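Peer 1: Predicted coordinates and the sequence they were generated for:
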Amino acid sequence: MRNPKIGVVSLGCPKNATDTEVMLGLLNEAGFEVTFDNDQAQMCLVNTCSFIGDARKESVRTLVELADQGKELIIAGCLAQHFKEELLNEIPEARAVVGTGDITKIVDVIKACAADSSLRLVEVSDIPNNYDDEVLPRMQTGVGASAYLKIAEGCDHRCTFCIIPQLRGDFRSRTIESLVKEARILVAGGVKEIILVSQDSSYYGLDIYKKQALPQLLEALHEIEDLDWIRIMYCYPTETNRELLATIASLPKVVKYVDIPLQHSHPDVLSAMARPKHPEKTMDLIREMVPGVKIRSTFIVGFPGETDEQFEHLVKFIEKYRFDRLGVFTYSRQMEVPSGSMDDQITEKVKKVRRNRIMKLQHGISSELNANMVGQEIDVLIEGYDDSKKLFIGRSQWDAPGIDNTVYVRESLTGERCFMGEVNKVLIEEAKPYDLFGVAGGATPENMAEAAERKQAKASKPIPVRALIS
């Protein structure tokens, strides 16, 4: 049997990224050579996304590009679950499709394809309900001191715009014991931040423990030595309750950051989406229960039937609550879900205008909130170095990787160093709408004096004539 060198492309969300790492870990354990340089690969494992139209296009574009390079393709993930045999029919270079509930079969699939060059496999369960509670080997594909920990699979909610339950099945939690075991392995390998992900993290435990058990999971993870931060992604409004928020507030390692996609503010739009109403109550409760919290949310504009009045309601809601982090998406029509056949579909032009208006509003809010950080000492996890800026790159506890703000850090003139892969004290000296700039060592007297000198020098610097007339 030939032993092809396996390349990898992972598309979509962090949950997909963890699936990719598990498949690569299993292949590596089985003796396959895995490479992150696809030019060197004979066969490429592509873990695809099919959440919205743009994600599908990116997945198909990636597959076509690799096929044009002569690569044999193993197509995994949501696109494989969604279209199954169609992918084999449309893409001659595709050797196999592997569904979201079948990733642990990846070794057998690739062994079979390697042994028989004419074989084309479909390994896609109609209902992807299996979910292994064992701690499987992982080959980390990310860079830095953070790692995702997928605490559950699937979703029990039936939002009218979302195809995830069809692609991932019903909600299935892993046990606290298995998650703590995996987290300990990650931390032993140098990870400083564990990021909990699932389709709905606040729902965790209801299926196996008959109660929301995320507080108990957080307490168990908090006991791990050498772990600095625990971050929760994807909470659901009705499940973000007092017990969970009190736990977030009381555990020092749990970052004071709540990621809660609210999707809209107007009750009629939320009803059409099959989403919880009264997001203002959720916002008020979070800010009441967790001092110093920063909140990330996402909203959808252009949902079928969204009127100008309902959109204005959303604008005013965002103006009032001044989200620390915000994402805005235009509604993506999919005929497999109820919203795809709803009346009064909104034109793409109107959707884009609405999104641009909110993003412009958020730009101003972010600028003001970041400006308030100047002069503060904060903790920053240093993850890299920017050669062009000659600055270290990191994140605060209020920033998730890949989606939130970046902190650029310089080493001080008095010799305060930045430590890669560690949480560093940083004094913030300058703010831009989505980036902060600071100096290592925190609010030492030397750094404070140096920051004051730099501020004075900047203020006294002549303004270029071109800037005055632009």
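Peer 2: Happy to help now that I have it.

Peer 1: Phi, psi for residue 381 please.
Peer 2: Here is the backbone geometry of residue 381 (degrees, to the nearest 10): phi -90, psi 110.

Peer 1: which other residues reach stretch 216-224?
Peer 2: 151, 176, 179-180, 183-184, 187, 194, 196, 204-205, 209, 227, 230, 232, 247-248, 251-254 (C-beta atoms under 8 Å, 6 or more residues apart in numbering). (C-beta placed from N, C-alpha, C; glycine too.)

Peer 1: ok, now stretch 330-338?
Peer 2: Contacts for stretch 330-338 (C-beta under 8 Å, 6+ apart): 52-54, 160-163, 166, 274, 300-304, 306, 339-341, 345-346, 348, 351-352, 354-355.

Peer 1: among the residues you listed, which are in helices?
Peer 2: With helices taken from DSSP state H, the overlap with the contacts of stretch 330-338 comprises 53-54, 166, 348, 351-352, 354-355.

Peer 1: Any of these buried? List them.
Peer 2: Among these, those classed as buried by 16 or more other C-beta atoms under 10 Å are 166, 351, 354-355.

Peer 1: can you tell me which two in those are farthest apart?
Peer 2: Largest separation among those by C-beta to C-beta: 166 and 354, giving 27.4 Å.

Peer 1: quick one: pLDDT of the closest residue to residue 431 other than its chain neighbours?
Peer 2: Taking C-beta to C-beta, 6 or more residues apart in numbering, and ignoring the residues beside it in sequence, residue 431 has residue 370 as its nearest neighbour in space, at 3.9 Å. pLDDT recorded at residue 370 is 97.

Peer 1: contacting residues for residue 370?
Peer 2: 405, 431-436.

Peer 1: now these as a markdown table including neighbour count, pLDDT and secondary structure?
Peer 2: Shown next, in a markdown table, are those (neighbours: other C-beta atoms under 10 Å; pLDDT from 0 to 100; DSSP: H, G, I helix; E, B strand; the rest coil):
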| residue | neighbour count | pLDDT | secondary structure |
| --- | --- | --- | --- |
| 405 | 22 | 95 | coil |
| 431 | 21 | 96 | strand |
| 432 | 14 | 95 | coil |
| 433 | 15 | 94 | coil |
| 434 | 15 | 93 | coil |
| 435 | 14 | 96 | strand |
| 436 | 26 | 98 | strand |
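
Peer 1: list the buried ones in stretch 165-182?
Peer 2: Under 16+ other C-beta under 10 Å, the buried positions of stretch 165-182 are 165-169, 171-174, 176, 179-180, 182.

Peer 1: contacting residues around residue 33?
Peer 2: Per C-beta under 8 Å, 6+ apart, neighbours of residue 33: 3, 5-6.

Peer 1: Which secondary structure element is home to the residue nearest to residue 431?
Peer 2: helix 348-371 (DSSP states H and E).

Peer 1: Just checking the distance from that helix to the centre of its chain.
Peer 2: Using C-alpha atoms, centre = their mean, to the nearest Å, the mean C-alpha position of helix 348-371 is found 20 Å from that of the whole chain.

Peer 1: Select, from the buried residues of stretch 165-182, the two members most distant in space.
Peer 2: Longest span within the buried residues of stretch 165-182, C-beta to C-beta: 166 and 180, 31.2 Å.

Peer 1: those strands in the stretch 51-200 of the chain, which residues are they?
Peer 2: 72-77, 94-98, 121-123, 146-150, 152-153, 172-173, 193-197 (DSSP state E, counting those that start in this stretch).

Peer 1: any chance of those strands in a markdown table, plus distance to residue 361 and mean pLDDT?
Peer 2: Shown next, in a markdown table, are the strands of the stretch 51-200 of the chain (distance: least, C-beta to C-beta, whole Å; pLDDT from 0 to 100):
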| stretch | distance to residue 361 | mean pLDDT |
| --- | --- | --- |
| strand 72-77 | 35 | 95 |
| strand 94-98 | 42 | 95 |
| strand 121-123 | 47 | 93 |
| strand 146-150 | 30 | 96 |
| strand 152-153 | 34 | 94 |
| strand 172-173 | 37 | 96 |
| strand 193-197 | 28 | 97 |
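
Peer 1: Dump the ones you listed to a markdown table, plus distance to residue 331.
Peer 2: Below are the strands of the stretch 51-200 of the chain laid out as a markdown table (distance: least, C-beta to C-beta, whole Å):
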| stretch | distance to residue 331 |
| --- | --- |
| strand 72-77 | 23 |
| strand 94-98 | 28 |
| strand 121-123 | 32 |
| strand 146-150 | 27 |
| strand 152-153 | 26 |
| strand 172-173 | 28 |
| strand 193-197 | 24 |
